[in-house]
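1. Please work out how this folds:
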Amino acid sequence: MSHPSIRGTAREARFPLALLAALAPVLVATFWDPPAGRTNWLLEVGPGLAGVVALAVAFPRFPVSRLVYVCTFLHILILVYGGYYTYANTPLGDWAKEAFHLSRNHYDRVGHVALGFFPAFVIREVKLRATPLERGGWLTFIVLSVVLAIGAFWELLEWWTTLITAPEVGSAFLGTQGDEWDAQWDMFLALVGAAASLLLLSRVHDRSMARLFERAPRA
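-> Here you go, the predicted structure:
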């Protein structure tokens with residue numbers, strides 16, 4: 001059974017606003033003069049910022065748990081790092097490539113695990129609070145299915161962007177690094193990320209939602 005409606009309050013807004021205040025200088029600093037160019041930065045970070053806008057617009061009638069806000073914050077930091085350098089050229093990925101004798105920079109793999117790991121909680125919370133779905137196998141199946149759909153759509157988005165933008169921008173955004181199975185890996189890793197998040201943190205998410213309903217007034 002879905003939860004009763006609650007209202008966002010000024011007190012409840014303090015936590016996401018604090019995260020936004022911490023994120024804002026990072027966004028400004030990385031957008032100012034990124035090595036990969038501002039267009040690539042916008043392509044990589046823009047979807048995450050759209051998610052922030054969506055959470056802000058929904059807040060008065062649908063505030064979410066603090067775990068979701070933290071997950072969104074961490075996800076955007078991962079996107080910003082990849083958008084600043086491009087995923088194929090991140091220093092952290094290059095270090096791992098050299099240290100562990102890898103065949104490529106694998107930071108994009110981290111990004112796609114994150115694409116499943118963090119949004120899974122947004123999907124789970126919306127399904128639990130706004131639909132008749134209850135905890136159990138069907139909820140897990142639907143959350144994983146939505147994450148896989150998001151991963152597939154992201155691959156389509158990369159393809160469309162590569163077709164319509166300048167070749168160097170599209171190539172940087174696509175970031176296959178010569179791997180013919182890159183799209184399949186990306187979708188699979190998003191699914192793995194979602195499954196890991198549900199397995200490891202579902203109870204934490206439940207407690208975070210319970211505290212939200214204890215604090216927030218009914219609509």
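
2. Could you list the buried residues of the longest helix along the chain?
-> Longest helix in the chain by number of residues, with DSSP state H as the criterion: helix 182-215. For helix 182-215, a neighbour-count test (16 or more other C-beta atoms under 10 Å) marks 182-183, 186-195, 197-198, 201-202, 205-206, 208-209, 212 as buried. For the C-beta atoms, the positions are set from N, CA and C on the backbone; glycine is no exception.

3. How about Ala120, nearest residue that isn't a chain neighbour?
-> Nearest residue to Ala120, sequence neighbours excluded (C-beta to C-beta, 6 or more residues apart in numbering): Ala194, at 4.1 Å.

4. mind listing what Gly82 touches?
-> For Gly82, the contacting residues are 44, 90, 107-108, 111, by C-beta atoms under 8 Å, 6 or more residues apart in numbering.

5. Distance check, it against Arg203.
-> For Gly82, the distance to Arg203 (C-beta to C-beta, to the nearest Å) stands at 30 Å.

6. Ok, Ala21 next?
-> The gap separating Ala21 from Arg203 is 29 Å, by C-beta to C-beta.

7. Export the contacts of Gly82 as JSON lines, with columns for pLDDT.
-> Conversion of the contacts of Gly82 to JSON lines gives the following (pLDDT from 0 to 100):
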{"residue": "Glu44", "pLDDT": "86"}
{"residue": "Thr90", "pLDDT": "90"}
{"residue": "Tyr107", "pLDDT": "88"}
{"residue": "Asp108", "pLDDT": "88"}
{"residue": "Gly111", "pLDDT": "90"}
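
8. from these, which single one is nearest His75?
-> For His75, the closest of the contacts of Gly82 turns out to be Gly111, at 9.3 Å, with distances computed as C-beta to C-beta.

9. ok, for the closest one, nearest residue in space, not its chain neighbours?
-> In space, Gly111 is closest to Gly82, 5.3 Å off (C-beta to C-beta, 6+ apart).

10. again with Ile142
-> Lys127 (6.3 Å).

11. That neighbour against Leu133, yeah?
-> Yes - if you go by C-beta atoms under 8 Å, Lys127 and Leu133 touch, sitting 4.8 Å apart.

12. what sits in contact with each of these two?
-> Common neighbours of Lys127 and Leu133, using C-beta under 8 Å, 6+ apart, are 139, 142.

13. How many residues are close by the nearest residue to Tyr107 once chain neighbours are set aside?
-> Once flanking residues are discounted, Tyr107 sits nearest to Gly93: 3.3 Å by C-beta to C-beta, 6+ apart. By other C-beta atoms under 10 Å, the residues close to Gly93 number 23.

14. For the closest residue in space to Leu92 that isn't next to it in sequence, which residues are in contact?
-> Among residues not flanking Leu92 along the chain, Tyr107 sits closest, at 6.1 Å (C-beta to C-beta, 6+ apart). Neighbouring residues of Tyr107 by C-beta under 8 Å, 6+ apart: 81-82, 87-88, 90, 92-93, 96.
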